[in-house]
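Enquirer: just to be clear, the model below is a prediction. Sequence and coordinates:
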Amino acid sequence: ASRDRVVFVGGHDGMLHAFYAGTWNTSTETYSVGTGKEIWAYIPSTLLGSLQKMTFTDCSPGETIISCVPDASNNYCVCPIFSVAVTVDGSPALGDFFVDHDNNPATVKQWRTILVATAKVMTPGASSVSVNQGIIFALDVTDPYSPSVLWERTYNAAVNTSVSPGNAIKRNYYPPSTFTTTYTTGENTSFAPNMGDAKGVAIGRVQVGTTLDTYVFLTSRWVSQVDVSATATPHNVWGLSVFALDFYSGDIRWETKIAYTGDAEGVNEPPATPALLDYGNNGTYDYVVLGDMQGRLWVLKSIDGKTINSTGAPAYTVGNGANEPIGAPVAIYNNTIVFGTGGRDSLQNESTTPYHLYAIEINSKGEVTDLWTPPYALNAGEKIWSSPVIDSTGAVYVGTAKGYTDVGRPDMMSASSGRLLVLELSTGTLKKDSSNNDMVIDLGGAVIGDIAIESNHVTLQLFDGTTIQIGGGDFTSTVSQENPIK
């Protein structure tokens, strides 16, 4: 607690930023509010060749963002125009780990604070960098004023070189009937990872035989379509991949490719950050859990990426398939998984679209029990873009969004709306407050960021940047605060 508090944020400027957020006061045992002053920014080396393609075109004289005319084809204003060529777009993951910090087996391991984040190049760079290539990097931020780079890797090479000699990559292909035998043999060194956009990573300890290891888990869309046909006629589809990377080197330990089928074959959007499930609460993670844009919930073994069941099938599929995608991260409470649907850019906010909240229990054989029958139905057009949060009492906090798509900007979009719902985990019904009223609050904007719960308060963020704090004590029932740090 003696270290200063620092906030790490990635941006569309191609940088990971570190901001001063307070100093620990030993007398009050609290942090000061800080100043928001930037301490440093890190640019992944792979992005450097494309920085020159970041252009900004300002409005014409007398024209403002508010008064500019939207483009009729995509509803975007014509000024100002900021061309994003590189970005550190995924949410960074941060934790304290007992590691060989200097890669020297002769030295004693130490507790270090490690940050892992994702980046991407959105246009070809000076050295023919691939579009949307998978870029992951790790920093040692134990001393937040003196960070060091542990590794930076790129996972979209023509031939896969993201593995150390002697370490074969385990690869899986689901659904099994979709892929030909071409994709099940001889892949240790020959096939590229095809890693595209990733929204973030999860870090967890894994029991590998008798050894405890640490993996970085992430999901990404594919950069290129895959021909899964067994005939001479190409059958190109989109899909996603789930990766487990070695925490200390970035080497790929396993990769699971999941193809979209049927009405989802043309969907090409990045999936949500995976969640980790500790079955038995023994301190290591047994499963990687994620939803996809086809309404399928996948539960994969953390050691090799195979499905929890023996059939290679998703653990659960919602009734409406690609029309009801699972676009937000799931929430996990023991062996219970809670998730919402609708978070996909290409879906319209139509009043007839049925989206829901689901809660299931899963055992070690992959057998699933529905907890909420039927699932909780959202209002017409409401989507779930952020992960639900489950507190220690079994209350489920969920933010909804209507009139929002991830590709827009606040000044170019029609008014959005959203609600905060608080449900009983065991039943899926709305909890009651002290006056026996349903615990649901209209927020006046779409909820897109993570929900935080601390000291009987709920904090969440709306699409237009408004921060909402809800709770008793020093807050009224709904308080919207301006950011005090500009």
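Expert: On my side now, so go ahead. A quick note: this is a predicted structure, and the numbers were derived from the prediction, not measured.
Enquirer: residue 155 versus the closest residue to residue 42 other than its chain neighbours, what's the distance?
Expert: Here the nearest residue to residue 42 in space, its sequence neighbours aside, is residue 16; by C-beta to C-beta, 6 or more residues apart in numbering that works out to 4.6 Å. C-beta here means a position set from N, CA and C on the backbone, and glycine is covered the same way. Distance, residue 16 to residue 155, by C-beta to C-beta, to the nearest Å: 18 Å.
Enquirer: more crowded one of these two?
Expert: Neighbours were counted for residue 16 and for residue 155 using other C-beta atoms under 10 Å; residue 155 has more, 26 against 23.
Enquirer: surely the more buried one and residue 120 touch.
Expert: No - counting by C-beta atoms under 8 Å, residue 155 sits too far from residue 120 to count as a contact (10.9 Å).
Enquirer: what do the two both touch?
Expert: 133, 134, 135 (C-beta atoms under 8 Å, 6 or more residues apart in numbering).
Enquirer: who wins on neighbours among those residues?
Expert: Neighbour counts for the shared contacts of residue 155 and residue 120 were taken using other C-beta under 10 Å; the highest belongs to residue 134, which has 28 neighbours.
Enquirer: go ahead and confirm it touches residue 120.
Expert: Yes - under the criterion of C-beta under 8 Å, residue 134 makes contact with residue 120 at 7.3 Å.
Enquirer: which stretches of this protein have low pLDDT?
Expert: Along the chain, the model assigns pLDDT under 70 to residues 1, 56-83, 101-103, 123-132, 156-168, 180-192, 230-234, 346-353, 405-414, 472-486.
Enquirer: which residue is the nearest non-sequential neighbour of residue 215?
Expert: Here the nearest residue to residue 215 in space, its sequence neighbours aside, is residue 244; by C-beta to C-beta, 6+ apart that works out to 4.5 Å.
Enquirer: how about the contacts made by the one you found?
Expert: Residues near residue 244 by C-beta under 8 Å, 6+ apart: 206, 215, 216, 217, 252, 253, 254, 255, 288, 302, 305.
Enquirer: in which helix or strand would I find it?
Expert: strand 239-246 (DSSP states H and E).
Enquirer: please name the strands paired to that strand in the sheet, noting orientation.
Expert: Under the criterion DSSP bridges, strand 239-246 sits next to strand 211-221 (antiparallel), strand 252-259 (antiparallel) in its sheet.
Enquirer: who are the packing partners of the host helix or strand of residue 297?
Expert: Secondary structure assignment for residue 297, by DSSP H and E: strand 296-301. Strand 296-301 makes packing contacts with strand 287-291, strand 316-317, strand 336-340 when contacts are defined by 3 or more C-beta pairs under 8 Å, 6 or more residues apart in numbering; DSSP states H and E.
Enquirer: so for residue 426, which of those sits nearest?
Expert: strand 336-340 (9.3 Å; C-beta to C-beta).
Enquirer: tell me the buried residues in the helix or strand just after that closest one?
Expert: Moving toward the C-terminus from strand 336-340, the next helix or strand (DSSP H and E) is strand 356-362. Of the residues in strand 356-362, 356, 357, 358, 359, 360, 362 count as buried by neighbour count, 16 or more other C-beta atoms under 10 Å.
Enquirer: list just the nearest of these to residue 96.
Expert: The shortest approach to residue 96 among the buried residues of strand 356-362 belongs to residue 362, at 29.3 Å (C-beta to C-beta).
Enquirer: so who does that closest one touch?
Expert: 299, 308, 315, 335, 337, 368, 369.
Enquirer: give me the number of residues near the fourth one?
Expert: In this case it means residue 335. The number of residues packed around residue 335, counting by other C-beta under 10 Å, is 18.
Enquirer: cool, residue 395 as well?
Expert: What residue 395 shows, counting by other C-beta under 10 Å, is a neighbour count of 15.
Enquirer: would you confirm that it contacts residue 426?
Expert: No - in terms of C-beta under 8 Å, residue 395 does not count as a neighbour of residue 426; the distance is 10.4 Å.
Enquirer: sitting in helices, which of the shared contacts of residue 155 and residue 120 do you find?
Expert: When these are checked against helices (DSSP state H), there are no matches.
Enquirer: so which of the residues you listed belong to strands?
Expert: Secondary structure defined by DSSP state E assigns residue 135 of the shared contacts of residue 155 and residue 120 to strands.
Enquirer: want to throw the shared contacts of residue 155 and residue 120 into CSV with distance to residue 93?
Expert: As requested, the shared contacts of residue 155 and residue 120 are arranged in CSV below (distance: C-beta to C-beta, whole Å):
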residue, distance to residue 93
133, 20
134, 16
135, 15
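Enquirer: nearest to residue 143 among the shared contacts of residue 155 and residue 120?
Expert: For residue 143, the nearest member of the shared contacts of residue 155 and residue 120 is residue 135. The distance, counting by C-beta to C-beta, is 24.5 Å.
Enquirer: state the distance from that closest one to residue 243.
Expert: Using C-beta to C-beta, one obtains 13 Å as the distance from residue 135 to residue 243.
Enquirer: list residues touching both of those two?
Expert: residue 155.
Enquirer: thinking again about what came up before, so which pair among the buried residues of strand 356-362 is furthest apart in space?
Expert: 356 and 362 (18.1 Å).
Enquirer: and the angle for the strand holding residue 244 with strand 287-291?
Expert: Interaxial angle of strand 239-246 relative to strand 287-291 (axes from the mean of the first three to the mean of the last three C-alpha atoms, to 10 degrees): 150 degrees.
Enquirer: got the angle between strand 239-246 and strand 296-301?
Expert: Using the same axes, to 10 degrees: strand 239-246 against strand 296-301 is 20 degrees.
Enquirer: now strand 239-246, how far from the chain's geometric center?
Expert: Average the C-alpha atoms of strand 239-246, do the same for its chain, and the two points are 13 Å apart (C-alpha atoms, centre = their mean, to the nearest Å).
Enquirer: hey, what's the residue nearest to residue 215 bridged with?
Expert: Under the criterion used (DSSP bridges), residue 244 bridges to residue 217, residue 254.
Enquirer: between the two ends of stretch 463-471, what distance do you get?
Expert: Across stretch 463-471, the straight-line distance between its terminal residues is 21 Å, by C-alpha to C-alpha, to the nearest Å.
Enquirer: list the buried residues of that stretch.
Expert: By 16+ other C-beta under 10 Å, the buried positions in stretch 463-471 come out as 463, 464, 466, 468, 469, 470, 471.
Enquirer: leaving out chain neighbours, which residue sits closest to the last one?
Expert: Distances taken as C-beta to C-beta, 6+ apart put residue 457 closest to residue 471, at 3.4 Å, once the chain neighbours are dropped.
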